[in-house]
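# what's the 3D shape of this:
(chains A and B)
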Amino acid sequence: DTAVSQTPKYLVTQMGNDKSIKCEQNLGHDTMYWYKQDSKKFLKIMFSYNNKELIINETVPNRFSPKSPDKAHLNLHINSLELGDSAVYFCASSLRTGGRSNSPLHFGNGTRLTVT
Amino acid sequence: GNSVTQMEGPVTLSEEAFLTINCTYTATGYPSLFWYVQYPGEGLQLLLKATKADDKGSNKGFEATYRKETTSFHLEKGSVQVSDSAVYFCALSAYGGSQGNLIFGKGTKLSVKP
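I've put the predicted structure just below:
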């Protein structure tokens, strides 16, 4: 009964390849996110979707494309992978309560992407 | 803009020592404040939160008080255990702007030795 699950847990690939990371939540949340954590543990938001609609799109190369088939899923597709894409990617979800978002995030366990 | 600054680690303590991890913030409006914890190999988990000034969040022996006058939300625990070893993130969620966008500090790694 995992709340936020993402697959795969580890992903090792070569430069130039295209890869996807999948995320699913069974909490009934309406908002999902992708965060990137670098080697120094710094965590930065990449994307946020609310009810399948993109609401946050930070400065991220357009090689990264999120896809939300329904509000329980938010997948991340990465084209033409580069060395600098190596990081841990976290999916998260929350309830978006009106105009003040103090609903906590529920995180998946992360996907460690290594580009060689 | 909105930002969070927390003390740099790593912090190394002996078991049963007192812990303080400082966190200050800059925000427009009235943010909600959070502490998240990341255990090795896992995602972040909410540890505690406070949604308005003078609120105290507490959980698992950890406490933090929302101080608007000093724009701070320091994390404290009276007696740490080896199992508290983790990375701790202070975060804020501001009204307006990128709603639902939690802004995290850079994390503070805590190591507790037996």
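# Which helix or strand in chain A has the lowest average pLDDT?
Here the helix or strand of chain A ranked lowest by mean pLDDT, DSSP states H and E is strand A:53-57, holding a mean of 78.
# Parallel or antiparallel, which strands does that one pair with?
Sheet pairing of strand A:53-57 (DSSP bridges) gives strand A:43-50 (antiparallel).
# And the helices in chain B, which stretches?
With DSSP state H, there are no helices along chain B.
# re earlier: tell me the buried residues in the least confident helix or strand of chain A?
Residues of strand A:53-57 classed as buried by neighbour count (16 or more other Cβ atoms under 10 Å in any protein chain shown): A:55-56. Backbone N, C-alpha and C define where each C-beta goes, glycine included.
# Stretch A:5-12 now?
Those would be A:6, A:11, for stretch A:5-12 by 16+ other Cβ under 10 Å.
# Please apply the same query to stretch B:31-42.
Residues B:31-38 are the ones in stretch B:31-42 that count as buried (16+ other Cβ under 10 Å).
# near chain B, which residues of chain A?
Contact residues (Cβ under 8 Å from any Cβ of the partner chain) of chain A with chain B: A:4, A:31, A:33, A:40-45, A:48, A:50, A:55-56, A:90, A:92, A:94, A:96, A:99-110.
# In strands only, show me those residues.
Of those, the ones assigned to strands by DSSP state E are A:4, A:31, A:33, A:43-45, A:48, A:50, A:55-56, A:90, A:92, A:94, A:106-107.
# now, the most widely separated pair of those residues?
A:43 and A:50 (20.1 Å; Cβ to Cβ).
# Leaving out the residues flanking it, which one is nearest to residue A:39?
In space, and not counting its chain neighbours, residue A:39 is closest to residue A:87: 7.3 Å by Cβ to Cβ, 6 or more residues apart in numbering or on different chains.
# where's that neighbour relative to residue A:16, distance?
Per Cβ to Cβ, to the nearest Å, residue A:87 is found 17 Å from residue A:16.
# Can you tell me which residues in chain B are near chain A?
Within chain B, the positions lying close to chain A (Cβ under 8 Å from any Cβ) are B:32, B:34, B:36, B:38, B:41-46, B:49, B:51, B:87, B:89, B:93, B:95-96, B:98-102, B:104, B:106-107, B:109.
# if we go to 7 Å?
Within chain B, the positions near chain A by Cβ under 7 Å from any Cβ of the partner chain are B:32, B:34, B:42-44, B:46, B:49, B:51, B:87, B:89, B:93, B:95, B:98-102, B:104, B:106-107.
# tell me the contacts of the most centrally placed residue in chain A?
Centroid-nearest residue in chain A, with Cα atoms, centre = their mean: residue A:34, separated by 2.6 Å. Contact analysis of residue A:34 by Cβ atoms under 7 Å, 6 or more residues apart in numbering or on different chains lists A:46-47, A:66, A:74, A:76, A:89, A:91.
# Flag whichever of those scores worst on pLDDT.
Lowest model confidence among the contacts of residue A:34 falls on residue A:47, which carries 87.
# Near that residue, how many other residues are there?
As a burial measure, residue A:47 scores 21 neighbours (other Cβ atoms under 10 Å in any protein chain shown).
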